[in-house]
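Peer 1: For reference, the sequence and a predicted model appear below.
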Amino acid sequence: MDKEEFQGFAIADPYAPFVFINSADWDAPQLFTLVHELAHIWIASSGISNEISPDIVDREKYHPVELLCNEIAANALMKESFIMSLSASVFHNAESVYKTAKKLGVSSLALLVRARNLGKLTWPQYQELRKQADQLFHEFLDKEELKKKNQKKKGGPSFYTLRLIRNGQLFTQSVLDAFNSGRLSPTEASYLLKVKTNQFPKLEEKMYSY
């Protein structure tokens, strides 16, 4: 699902609480989204998150529950005592910010926003580092796009390999077992695996050779 539309959602049902994380998003935002959605469950408030790292300037346009869940996630992943103990060298440039953010499992933007909110960074410092971080991110996207083009030229992994990686081998096996035993209809199995039923044999073949 398009990560630009939403990053995750939570259904705070008292008997069957449910959290969905958009796997199309980058790894670091996924972790922040997970804790954000768990916060929705903890406070018994369902919600859809389409921007879990709102700009600190426009806080008034966001729902108070979303802001609260953001703060819970930020506190859980970036302890105040740890952020305040960071040396000035961490915020020397975007590269050093990224290295620290990666160790915490969060994005550079999340770390910068947290540092700014705690008064660790001045507004000019925050603006400059965010500008650098945005530039680095766009350079990364360009490199990823180039990799994809090179993979296509070389042939790259097959459709079935990519689908197996995306779905996960255990999940794929479970769905195929349910389908083969008649416990899951062809339509349901195809929807879950994002593969047509007449392609199941090739997917299964790839799974056992993966």
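Peer 2: Noted; the coordinates are in hand.
Peer 1: switch to C-alpha atoms for all contacts and neighbour counts from now on
Peer 2: OK.
Peer 1: separation between the residue positioned nearest the centre of the chain and residue 36?
Peer 2: Nearest to the geometric centre of the chain sits residue 30, at 2.2 Å (CA atoms, centre = their mean). Noted for residue 30: a distance of 10 Å to residue 36, by CA to CA, to the nearest Å.
Peer 1: likewise residue 160?
Peer 2: Residue 160 sits at a distance of 33 Å from residue 36 (criterion: CA to CA).
Peer 1: same question, residue 24
Peer 2: From residue 24 to residue 36 the distance is 17 Å (CA to CA).
Peer 1: So which of the two has more stuff around it?
Peer 2: Using other CA atoms under 10 Å as the criterion, residue 24 and residue 36 rank with residue 36 on top: 28 against 14.
Peer 1: And the next helix or strand past the host helix or strand of the more buried one?
Peer 2: Taking DSSP states H and E as the definition, residue 36 sits inside helix 27-42. Later in the chain than helix 27-42, the nearest helix or strand by DSSP H and E is strand 47-49.
Peer 1: wouldn't residue 30 be in contact with residue 21 here?
Peer 2: Yes: counting by CA atoms under 8 Å, residue 30 touches residue 21, with 6.6 Å between them.
Peer 1: Look at residue 23 and say how many residues are nearby.
Peer 2: Neighbour tally, residue 23, other CA under 10 Å: 15.
Peer 1: Ignore what I typed, I meant residue 143.
Peer 2: So residue 143, with other CA under 10 Å, has 12 neighbours.
Peer 1: Quick check: which ranges of the protein have low pLDDT?
Peer 2: Along the chain, the parts satisfying pLDDT under 70 run over 1-6, 50-61, 148, 151-157, 209-210.
Peer 1: can you tell me which helix in it is longest?
Peer 2: Using DSSP state H, we find that the single longest helix of the chain is helix 123-154.
Peer 1: so how far is that helix off the chain centroid?
Peer 2: 17 Å (CA atoms, centre = their mean, to the nearest Å).
Peer 1: If you count contacts, what does that helix end up packed against?
Peer 2: Secondary-structure packing of helix 123-154 (3 or more CA pairs under 8 Å, 6 or more residues apart in numbering; DSSP states H and E): helix 94-104, helix 108-117.
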